[in-house]
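Colleague: Generate a structure from the sequence data that follows.
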Amino acid sequence: MSAFEYKDGSRIISSHIHAWADPENPQKDNKYALMKAVSDPGTGVFNGVKYIQRLKPEGGMPDSSGCTPSEAGKLLKVPFSAEYVFWK
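Modeller: So this is what the prediction gives:
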């Protein structure tokens with residue numbers, strides 16, 4: 001599930017339908033995705049959105065080197081960004 005909120009106060013929650021590898025870099029951990037809106041935001045920019053598409057995901061996954069013993073059990077924050085298209 002993913003949640004989105006816009007500055008007008010509208011919010012929407014989605015569930016994944018399908019995810020696929022980046023055609024230009026299929027080894028990437030984060031995938032392109034298609035999601036279905038499962039909540040009704042009422043009024044605002046998200047009103048009427050049925051599907052959300054995630055494109056160009058960057059980051060969000062730790063590198064494959066693992067953690068050091070001193071890092072074990074600690075919260076790891078990994079930057080993430082993507083472009084989203086909201087379909088009505």
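Colleague: Remind me which helix or strand Q53 belongs to.
Modeller: strand 51-59 (DSSP states H and E).
Colleague: In space, what's closest to S2 - neighbours in sequence excluded?
Modeller: Spatial nearest neighbour of S2, chain neighbours left out: S14 (5.0 Å); criterion: C-beta to C-beta, 6 or more residues apart in numbering. To be clear about C-beta, it is placed using only N, CA and C from the backbone, and glycine gets the same treatment.
Colleague: in what helix or strand does the one you found lie?
Modeller: Using DSSP H and E, S14 falls in strand 11-20.
Colleague: That strand versus strand 51-59: what angle between them?
Modeller: Per axes from the mean of the first three to the mean of the last three C-alpha atoms, to 10 degrees, the angle that strand 11-20 makes with strand 51-59 is 70 degrees.
Colleague: Mind listing the strands strand 11-20 pairs with, and their directions?
Modeller: The pairing partners recorded for strand 11-20 under DSSP bridges are strand 2-5 (antiparallel), strand 32-37 (antiparallel).
Colleague: now the first one: how far from the chain's centre is it?
Modeller: For strand 2-5, the separation from the chain centroid amounts to 9 Å (computed by C-alpha atoms, centre = their mean, to the nearest Å).
Colleague: ditto for stretch 60-71
Modeller: Once both centres are worked out by C-alpha atoms, centre = their mean, stretch 60-71 turns out to sit 21 Å from its chain's centre.
Colleague: can you pull the buried residues of it?
Modeller: By 16 or more other C-beta atoms under 10 Å, stretch 60-71 has no buried positions at all.
Colleague: tell me how far the ends of it are from each other?
Modeller: End-to-end distance for stretch 60-71: 18 Å, by C-alpha to C-alpha, to the nearest Å.
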